[in-house]
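Undergrad: this is a predicted model, with the sequence first.
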Amino acid sequence: MHIGFLNPQGNFDPGDSYLTEHPDFGGQLVYVKQVAVAMAERGHKVDIITRQIIDPCWPEFAGSVDYYPGVRNLRILRIPAGPPEFLRKELLWQHIVKDWVGNILQFYRDSGSFPDAMTAHYGDGGLAAVLINLQTGIPFTFTGHSLGAQKMDKLEVTPENLAEIDDHYLFRYRILAERLSMNYSVLNITSTKQERFKQYSHRVYRGAVDVNDDSRFVVVPPGSNLAIFSASAYSDNELATYAHVEDCLRRDLHKRANLPVIIAASRLDPKKNHIGLLQAFAYSPELQDRANLVLIAGGLVDPLKDDSGAGSTEKEVLTAIREVVEENNLWGKVSAFSVGPQAALAATYRYLAARGSVFALTALYEPFGLAPLEAAAAGLPVVVTQNGGPSESLRDGDEEYGVLVDPEDRADIARGLERVLCDRHEWHKFATRGQERVKKHYTWPRAAEGYLTQLEKILASPTPQPKTDLLPIPAYFQHPCAENDISLDELSRIYWSEDT
């Protein structure tokens, strides 16, 4: 098969540059890259199709075609869309329609063949897949990762603040693009059952897809890269990473630097709930006596003292973190630093696991939760939010593979951490079970197999009859201009209507 991955936001390059240094990057890049690599290693021809960026701040993303070293059958195709410089994902909509889709089609016309199938990621990739499908008939699957309706809910959108919030997030495009993506796709791929039945059942998507229709959904869990995240792996910079971590710990923790740590490695975003974790740490004298708290902050050398390189959202989170530290006299017990790319993060996990540390993710909601699975694969027991995907990946009936906690209850977070940190038997039990769970169920080859199985079924099936429930394409997504713009009234009607 020849498979195209449509992912206009975020960027891909052989060195995995900036994976955690922008809100548009992070987990989605890892997901797409690893599934694509695993497909290519099975002999399929795979293209990761993203947006070309010619910008001195992002030099790695300028070339038209790129490759991952040692991976055959896989290309990174950077297709121009709009101005050459980097644009955050919210500003891509008109350029996807005006330029990106047409340039993708021209690229494949010039090359003499098109992919057999596409897999689209996020609403912007989904919108591109819809428009390509209308012109070529190429079938596609849609992987939403996270949906705009839940984002609007979390931002507590009201009729009064809608215009201000939409001015930044442009939900009026995102919501309609997501509705089209899940409606026109042959199949919607989710990471968990919970994602299917809770996210896609939001009233905003009513009429776009029926969450009870098993023919339109399949669960394909993401995976952990066991070549990197393994308790027995060893990176080229393993010892250098150990030394760097030790230097940072001594810088911030002084005489306490040899204690185990509670390690949180996620982007500095309010929904990741670093504040809840800090408050739990402050709440428990026993935790403070036995461990330190370490925050891994992408690209920030010493963010508790100098946040000059942080973005506006990161600065807000860091300000709140410093306030909690100050109010609870936690200086000397909390450290924050950057460790670099995934190989260094995995080495950090191994180094800290050797001293009896614990990984923590207390996000208010986590759609899937790949980070704790990576930490578990590298040897750390995990204490993770009960809200979202971890309730499926880390628990099966009565069997526990990590400790689930209520992220809005500091006492419950503290109890979960104490359960693992304060009982060596429990520490070993969850460290062992977590590793076994990941190796058996959550690897990228298994995720790729899930995609390939579904794509093979789609391509092997007789040409389906035209769907009769297709949504109309808004004029803006055909010809983006002021006259065709999607109004806030339309977004309001969809968001607040009980009968979308």
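TA: The structure has been received and is ready for your questions. Numbering: from 1, shown residues only.
Undergrad: give me the distance between His274 and Val261.
TA: Distance from His274 to Val261, counting by C-beta to C-beta, to the nearest Å: 14 Å. Just so you know, the C-beta spots here come from the backbone N, C-alpha and C atoms, and that holds for glycine as well.
Undergrad: likewise Glu490?
TA: The value you get for Glu490 to Val261, if C-beta to C-beta is used, is 49 Å.
Undergrad: comparing these two, which residue is more hemmed in?
TA: Residue environment comparison for Glu490 versus Val261 gives the larger neighbour count to Val261, 26 against 15, counting by other C-beta atoms under 10 Å.
Undergrad: which pLDDT value belongs to the more buried one?
TA: Each residue has a pLDDT score; the one for Val261 is 98.
Undergrad: what's the answer for Gly43, then?
TA: Taken from the predicted model, the pLDDT recorded for Gly43 is 97.
Undergrad: what residues are up against it?
TA: When the contact criterion is C-beta atoms under 8 Å, 6 or more residues apart in numbering, the partners of Gly43 are Asn73.
Undergrad: is Leu455 in a helix, a strand, or coil?
TA: State at Leu455, reduced to three classes by DSSP: H, G, I helix; E, B strand; the rest coil: helix.
Undergrad: per-residue confidence for it?
TA: Turning to Leu455, the model gives it a pLDDT of 97.
Undergrad: care to break the protein down by domain?
TA: The chain breaks down into these structural domains: 2-223+445-496, 238-442 (assignment by automatic domain parsing).
Undergrad: end-to-end on stretch 223-234?
TA: Looking at stretch 223-234, the gap from its leading to its trailing residue is 19 Å under the measure C-alpha to C-alpha, to the nearest Å.
Undergrad: show the average pLDDT along it.
TA: Looking at stretch 223-234 alone, the average pLDDT works out to 92.
Undergrad: cool, and stretch 287-296?
TA: 98.
Undergrad: how about that stretch: buried residues?
TA: Leu287, Gln288, Arg290, Ala291, Asn292, Leu293, Val294, Leu295, Ile296 (16 or more other C-beta atoms under 10 Å).
Undergrad: one more: stretch 428-438?
TA: Of the residues in stretch 428-438, Phe430, Ala431, Arg433, Gly434, Gln435, Arg437, Val438 count as buried by neighbour count, 16+ other C-beta under 10 Å.
Undergrad: give me whichever of the domains of the chain is most buried.
TA: Highest mean neighbour count of the domains of the chain: domain 238-442, a mean of 20 (counted as mean count of other C-beta atoms under 10 Å).
Undergrad: distance from it to the middle of the chain?
TA: In this view, domain 238-442 has its centroid 17 Å away from the chain centroid, taken as C-alpha atoms, centre = their mean, to the nearest Å.
Undergrad: distance between the ends of it?
TA: Start-to-end span of domain 238-442 (C-alpha to C-alpha) is 24 Å.
Undergrad: so which of the buried residues of stretch 428-438 is the closest to Gln342?
TA: Ranked by distance to Gln342 (C-beta to C-beta), the buried residues of stretch 428-438 are led by Val438 at 15.0 Å.
Undergrad: against Asn225, how distant is that closest one?
TA: As defined by C-beta to C-beta, Val438 lies at a distance of 10 Å from Asn225.
Undergrad: next one: Ile413
TA: Summarising the geometry, the distance separating Ile413 from Asn225, computed by C-beta to C-beta, is 28 Å.
Undergrad: quick one: the helices in the stretch 101-250 of the chain, in order.
TA: Using DSSP state H, counting those that start in this stretch, the helices of the stretch 101-250 of the chain run over residues 101-111, 122-136, 148-154, 162-169, 171-184, 193-194, 238-253.
Undergrad: closest one to Val220 among those helices?
TA: With distances scored as C-beta to C-beta, the stretch of the helices of the stretch 101-250 of the chain nearest to Val220 is helix 193-194 (11.6 Å).
Undergrad: Gly388 - nearest residue in space that isn't next to it in sequence?
TA: Closest residue to Gly388 in three dimensions, ignoring its sequence neighbours and counting by C-beta to C-beta, 6 or more residues apart in numbering: Glu366, at 4.1 Å.
Undergrad: hang on, I meant Gly309
TA: Sequence neighbours aside, Leu300 is the residue nearest to Gly309 in space, at 5.8 Å (criterion: C-beta to C-beta, 6+ apart).
Undergrad: try Tyr18
TA: Closest residue to Tyr18 apart from its sequence neighbours, by C-beta to C-beta, 6+ apart: Phe25 at 5.7 Å.
Undergrad: the one you found falls within a strand, correct?
TA: No - Phe25 sits outside any strand when classified using three-state DSSP, being coil.
Undergrad: that one contacts Asp13, doesn't it?
TA: No - look at Phe25 against Asp13 with C-beta atoms under 8 Å: they stay out of range, at 11.1 Å.
Undergrad: the helices in the stretch 251-400 of the chain, which residues?
TA: Using DSSP H, counting those that start in this stretch, the helices found in the stretch 251-400 of the chain span residues 274-283, 285-290, 312-327, 342-353, 370-377, 390-393.
Undergrad: save those helices as JSON lines, and put in distance to Pro69 too.
TA: Written out in JSON lines, the entries for the helices of the stretch 251-400 of the chain read as follows (distance: least, C-beta to C-beta, whole Å):
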{"stretch": "helix 274-283", "distance to Pro69": "35"}
{"stretch": "helix 285-290", "distance to Pro69": "43"}
{"stretch": "helix 312-327", "distance to Pro69": "31"}
{"stretch": "helix 342-353", "distance to Pro69": "14"}
{"stretch": "helix 370-377", "distance to Pro69": "22"}
{"stretch": "helix 390-393", "distance to Pro69": "30"}
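Undergrad: to Gly125, which of those lies closest?
TA: Shortest separation from Gly125 across these is recorded for helix 370-377, at 18.5 Å, computed as C-beta to C-beta.
Undergrad: any idea how far the spatially most distant residue from the centre of the chain is from Asn292?
TA: Relative to the mean C-alpha coordinate of the chain, counting by C-alpha atoms, centre = their mean, the farthest residue is Lys255 (36.3 Å). When C-beta to C-beta is the yardstick, Lys255 and Asn292 sit 11 Å from each other.
Undergrad: same question for Glu164.
TA: In this structure, Glu164 lies at 40 Å from Asn292, with C-beta to C-beta as the measure.
Undergrad: if I look at the nearest residue to Arg355 once chain neighbours are set aside, how far off is His202?
TA: Residue nearest to Arg355 in three dimensions, not counting chain neighbours: Pro260, with 5.2 Å by C-beta to C-beta, 6+ apart. Distance, Pro260 to His202, by C-beta to C-beta: 41 Å.
Undergrad: ok, Tyr451 next?
TA: Taking C-beta to C-beta as the measure, Tyr451 falls 25 Å from His202.
Undergrad: before we move on, what about Ile49?
TA: Counting by C-beta to C-beta, the gap from Ile49 to His202 is 28 Å.
Undergrad: where do the helices sit along the stretch 401-500 of the chain?
TA: Shown for the stretch 401-500 of the chain, the helices assigned by DSSP H, counting those that start in this stretch span residues 410-421, 424-441, 444-460, 488-496.
Undergrad: mind checking which of those is nearest Gln194?
TA: Put simply, out of the helices of the stretch 401-500 of the chain the one that sits nearest Gln194 is helix 424-441, at 15.8 Å, with distance taken as C-beta to C-beta.
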